[in-house]
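1. all I have is the shape, not the residue letters:
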């Protein structure tokens, strides 16, 4: 015996809402379309659409004489993007993002490992809170705090003076690329603040990955005579790698796109975010600004593809 | 059989984890303390040596109301 709508156990409901409910019950695909439609439209039009508009803008060029955008398809803006000065900006930003990611991973790993394997009960909660708490405070407040710490009259210099190590700080600041008048106007300062601001985004995925490493694998390594260094190299690190890659997606992409930190703490040499800000603002060169924004998108596209192949998204 | 969870963390790991957490919190703590600093103290700074150091500067006295 087969049941149809007419022979179903429940009688038809009266009223508009009842009929609508019955209709959606009988047509789940319509319900799915209604539920998924708005977010997909939002994603498609607002997010992907704006990205496509941006990409399209990068294929136009600005007229040098009038300063107006010439809406003809050209690669002139990309040629301009690869000029020495602009290419330096790209290399500088990518290098900074890579170094920040590397050091974030190095600093984050012990915190994540301790929190995952040794912290228990309330200490685990305290660790979580300790990692999350800086994320709840204002981004700008944190950066200005570092500005105070790193300035010439700041706490950092004071500590070095008290320790009679001011010569070391001066020697570091005298170094050609990473130095400067003070830490707050040097690449070193920019690097410290980038690491500080993005590090929680590295700790959490690593911790998630380490939580999933079975304890008996580490015990087995120890039982088989593996030293802590060997256990780390051959057991722990390979298993934590997806978490490290997942964290690096955050630190790398956020560093690539940030323009506030290098604006407040750093030298006058631009990063990609600052170049975009300058080109779309004071310079009024929207096509070049769009071409600059394509660079992190392409880099992150390749990076995400590589990360997916390494299974990084399993640790998110 | 050894159990990793039963033993306490190595000292180096404890120090590294504590230092990492301190790195995350010290700036916030400092800005919190800084909020209790008076403006006079906050804006005072070491001035570089000037050839006029040691000479009387009557203008400063007049500006601050001290004669």
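-> Structure's in. What do you need? Remember, predicted model here, so these are calculated numbers, not experimental data.
2. number of residues surrounding residue A:306?
-> As a burial measure, residue A:306 scores 11 neighbours (other C-beta atoms under 10 Å in any protein chain shown). The C-beta positions use only the backbone N, C-alpha and C, and glycine is treated the same way.
3. repeat for residue A:254
-> 17.
4. number of nearby residues for residue A:263?
-> 15.
5. which residue, other than its chain neighbours, is closest to it?
-> residue A:274 (6.1 Å; C-beta to C-beta, 6 or more residues apart in numbering or on different chains).
6. contacting residues for the one you found?
-> By C-beta atoms under 8 Å, 6 or more residues apart in numbering or on different chains, the residues touching residue A:274 are A:259, A:262, A:263.
7. check the offset of the helix or strand harbouring it from the chain's centre.
-> For residue A:274, the host element (DSSP states H and E) is helix A:272-280. Its chain's average C-alpha position is 18 Å from that of helix A:272-280, according to C-alpha atoms, centre = their mean, to the nearest Å.
8. packing partners for the helix or strand following that helix?
-> Counting by DSSP H and E, the element after helix A:272-280 in chain order, helix or strand, is helix A:286-309. Using 3 or more C-beta pairs under 8 Å, 6 or more residues apart in numbering or on different chains; DSSP states H and E, the elements in contact with helix A:286-309 are helix A:49-57, strand A:61-62, helix A:76-81, helix A:84-113, helix A:237-257, helix A:272-280.
9. residues in contact with the residue most central in space within chain A?
-> Nearest to the geometric centre of chain A sits residue A:250, at 2.6 Å (C-alpha atoms, centre = their mean). Residue A:250 makes contact with A:198, A:201, A:202, A:205, according to C-beta under 8 Å, 6+ apart.
10. let's go with 6 Å and repeat that
-> Applying C-beta atoms under 6 Å, 6 or more residues apart in numbering or on different chains, we find residue A:250 in contact with residue A:201.
11. give me the neighbour count for the closest residue to residue B:34 other than its chain neighbours.
-> Sequence neighbours aside, residue A:148 is the residue nearest to residue B:34 in space, at 6.5 Å (criterion: C-beta to C-beta, 6+ apart). The number of residues packed around residue A:148, counting by other C-beta under 10 Å, is 17.
12. ditto for the one 4 residues further on
-> Other residues within reach of residue A:152 by the criterion other C-beta under 10 Å amount to 14.
13. redo the helices and strands packed on helix A:286-309 as TSV? Include distance to residue A:124 and mean pLDDT.
-> TSV is the format used below for the helices and strands packed on helix A:286-309 (distance: least, C-beta to C-beta, whole Å; pLDDT from 0 to 100):
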stretch	distance to residue A:124	mean pLDDT
helix A:49-57	40	89
strand A:61-62	55	88
helix A:76-81	48	91
helix A:84-113	12	94
helix A:237-257	17	91
helix A:272-280	36	90
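14. who wins for proximity to residue B:21 among these?
-> Evaluated over the helices and strands packed on helix A:286-309, closeness to residue B:21 peaks at helix A:84-113, with 6.3 Å, by C-beta to C-beta.
15. relative to helix A:84-113, how tilted is the following helix or strand past that closest one?
-> The helix or strand immediately downstream of helix A:84-113 is helix A:122-136, counting by DSSP H and E. If you take axes from the mean of the first three to the mean of the last three C-alpha atoms, to 10 degrees, helix A:122-136 sits at 160 degrees to helix A:84-113.
16. any buried residues in helix A:122-136, and which?
-> Going by neighbour count (16 or more other C-beta atoms under 10 Å in any protein chain shown), the buried part of helix A:122-136 is A:127, A:130, A:131, A:134.
17. stretch A:234-241 now?
-> Across stretch A:234-241, burial judged by 16+ other C-beta under 10 Å covers A:235, A:236, A:239, A:240, A:241.
18. and stretch A:45-64, by the same measure?
-> By 16+ other C-beta under 10 Å, the buried positions in stretch A:45-64 come out as A:54, A:57, A:58, A:59, A:60, A:61, A:62.
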